[in-house]
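K.L.:
Sequence first, then the predicted structure:
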Amino acid sequence: MTDTGNGAVGDGSTGQTCVVYGASELVVGPAGWEPADQNGGHTGVSHGDLEVIEDGALVAVDGRVEVVGETTTITREYPPENADVALDATGKAVVPGFVDPHTHAVFAGDRSDEFEAKLEGASYQELLAEGGGILRTVRATRDPSLETLVEALCAHLDVMLAHGTTTVEVKSGYGLDVETECRMLEAIDVADERHPVDLVATFLGAHAVPEGATADAYVDRVVEHQLPAVADQGIATYCDVFCEADVFSVGQSRRVLEAGLEYGLTPKVHAEELSHLGGAKLAAEVGAASADHLLYATDEDVQAMIEADVVPVLLPGTAFGLGEAYADARGMFEAGAPVALATDFNPNCHSRDMGFVQTLACLEMGLTPAEALLGSTVNAAAAIGRTDGTGTLSPGGPADLLVLEGPRYAQVAYRFDTTAVEQVLVNGTPVSTSVIANDGGETS
């Protein structure tokens with residue numbers, strides 16, 4: 001990322017010292033957390049223990065956290081008046097920036113009428129069979145220019161940033177052809193340069209079977225044509241697949257993911273969303289970074305993911321929007337899985353607020369506010385390979401942090417009428433959140 005004109009410099013080379021002090025609660029991250037290169041495994045945690053410093057302070061140098069501790073101790077060594085950026089957080093909680101590890105934020109068109117159709121009884125599968133759903137968005141997304149897609153993505157990122165999200169995974173998947181899939185990935189890359197939010201790109205060519213093709217024939221096209229072009233482009237980090245009944249079978253999904261591995265793309269899997277097919281175990285077998293959705297995952301699936309270090313990414317906004325049952329987050333946490341949370345922002349799940357995701361995780365999935373916060377920060381970062389301290393405020397990690405309007409971190413899940421986020425810092429620099437955040441308006 002580069003300077004966006006709003007004071008944010010995204011490469012960490014700000015040359016600045018930032019001191020945040022007086023925080024009623026400074027949430028450093030999970031207790032006992034260590035970077036992956038020290039503990040040898042994923043950085044997600046399976047319990048709700050947080051390291052919270054009362055009357056806490058943080059110092060960031062060149063965009064990275066230098067030290068955390070009690071305000072009296074920190075400000076004695078690092079006087080705020082000598083800092084380039086000094087922020088008095090008295091009476092406010094400070095938490096890590098949110099990480100959203102599953103979105104489909106590059107798209108064109110509108111499907112609000114399908115929301116009405118679902119209320120009248122139409123199922124997701126019925127809409128897709130009639131050419132709606134994903135295929136409708138594919139038709140709308142193939143026409144716009146690169147710049148149009150970039151502008152639309154940046155507008156969504158504005159809203160996410162205002163609600164506290166500082167790192168976002170974004171998938172392709174609304175092209176289903178070489179040209180559009182690569183244009184979507186290029187839009188993600190350009191937006192990453194322009195916007196203070198840090199983006200991670202995922203190739204999802206196997207998102208649906210396009211009109212006029214069979215699943216087998218389309219998998220041939222993904223493997224033989226799309227993957228080589230995506231690899232040559234060099235933007236995507238991950239290769240995802242929608243492993244679901246009447247979309248891509250376990251065998252077809254395996255073929256796509258193993259081909260992606262040959263091109264250096266780490267697997268991800270849309271698994272057990274609408275039925276139990278075997279996608280979660282597939283994710284474990286191919287060494288996926290994450291398996292996502294998991295509404296129909298079994299205890300056996302969860303154990304296989306734990307043993308393979310696959311992060312379960314749960315998407316409560318999707319269940320909320322579809323009126324479906326929620327994934328068993330409570331059971332996964334108690335089994336020892338590092339549960340992550342995400343918005344699944346897409347035309348069928350118009351949610352850009354990780355705070356509301358945490359509310360749903362608490363009220364509908366049985367998590368505590370601490371567990372929901374972990375799932376939206378360090379565990380979410382593990383799901384997209386950000387093992388450098390992203391999602392924590394541990395020394396050495398990026399100084400991406402949120403100052404809340406209230407004194408406790410629980411304000412995030414507690415407040416679902418408006419965002420609890422008052423100020424966002426990216427790499428230790430305050431960024432503009434001038435979006436009319438509470439009604440989804442555009443930037444001022």
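P.N.:
Done, it's in.
K.L.:
Per the annotation, how does this structure divide into domains?
P.N.:
The chain breaks down into these structural domains: 17-96+391-430, 99-383 (assignment by automatic domain parsing).
K.L.:
Could you dump those domains into a markdown table and include mean pLDDT and mean neighbour count?
P.N.:
Just so you know, the C-beta spots here come from the backbone N, C-alpha and C atoms, and that holds for glycine as well. Formatted as a markdown table, those follow (pLDDT from 0 to 100; neighbours: other C-beta atoms under 10 Å):
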| stretch | mean pLDDT | mean neighbour count |
| --- | --- | --- |
| domain 17-96+391-430 | 91 | 20 |
| domain 99-383 | 96 | 22 |
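K.L.:
ranges for the helices of the stretch 201-350 of the chain?
P.N.:
Under the criterion DSSP state H, counting those that start in this stretch, the stretch 201-350 of the chain contains helices at 215-221, 227-233, 250-262, 279-285, 299-307, 316-322, 329-335.
K.L.:
ok, and what's touching the first one?
P.N.:
Spelled out, it's helix 215-221. Contact partners of helix 215-221, identified using C-beta atoms under 8 Å, 6 or more residues apart in numbering, comprise 176, 206, 209, 210, 213, 247, 248, 249, 252, 255, 256.
K.L.:
what about 10 Å?
P.N.:
176-178, 205-206, 208-210, 212-214, 226-227, 241, 246-249, 251-253, 255-256, 259 (C-beta atoms under 10 Å, 6 or more residues apart in numbering).
K.L.:
repeat for the fifth one
P.N.:
Outside helix 299-307, the residues that touch it by C-beta under 10 Å, 6+ apart are 46, 271-272, 276, 278-285, 288, 290-291, 294, 297-298, 310-312, 328, 331-332, 334-339.
K.L.:
And the last one, by the same measure?
P.N.:
Residues from elsewhere that reach helix 329-335 (C-beta under 10 Å, 6+ apart): 45-48, 294, 297, 299, 301-303, 305-306, 312, 314, 316, 328, 337-341, 360-362, 364-368, 371-372, 374-375, 379.
K.L.:
To residue 150, which of the helices of the stretch 201-350 of the chain lies closest?
P.N.:
Closest to residue 150 of these, according to C-beta to C-beta: helix 227-233, at 15.6 Å.
K.L.:
so how far is that closest one off the chain centroid?
P.N.:
Centroid separation between helix 227-233 and its chain, computed with C-alpha atoms, centre = their mean, to the nearest Å, is 23 Å.
K.L.:
Also stretch 342-359?
P.N.:
10 Å.
K.L.:
Which strand residues bridge residue 398?
P.N.:
For residue 398, the beta-bridge partners are residue 64 (DSSP bridges).
K.L.:
Report the contact partners of it.
P.N.:
Counting by C-beta under 10 Å, 6+ apart, residue 398 makes contact with 10, 12, 60, 63-65, 96-97, 166-167, 198, 381, 386, 388-392, 426-428.
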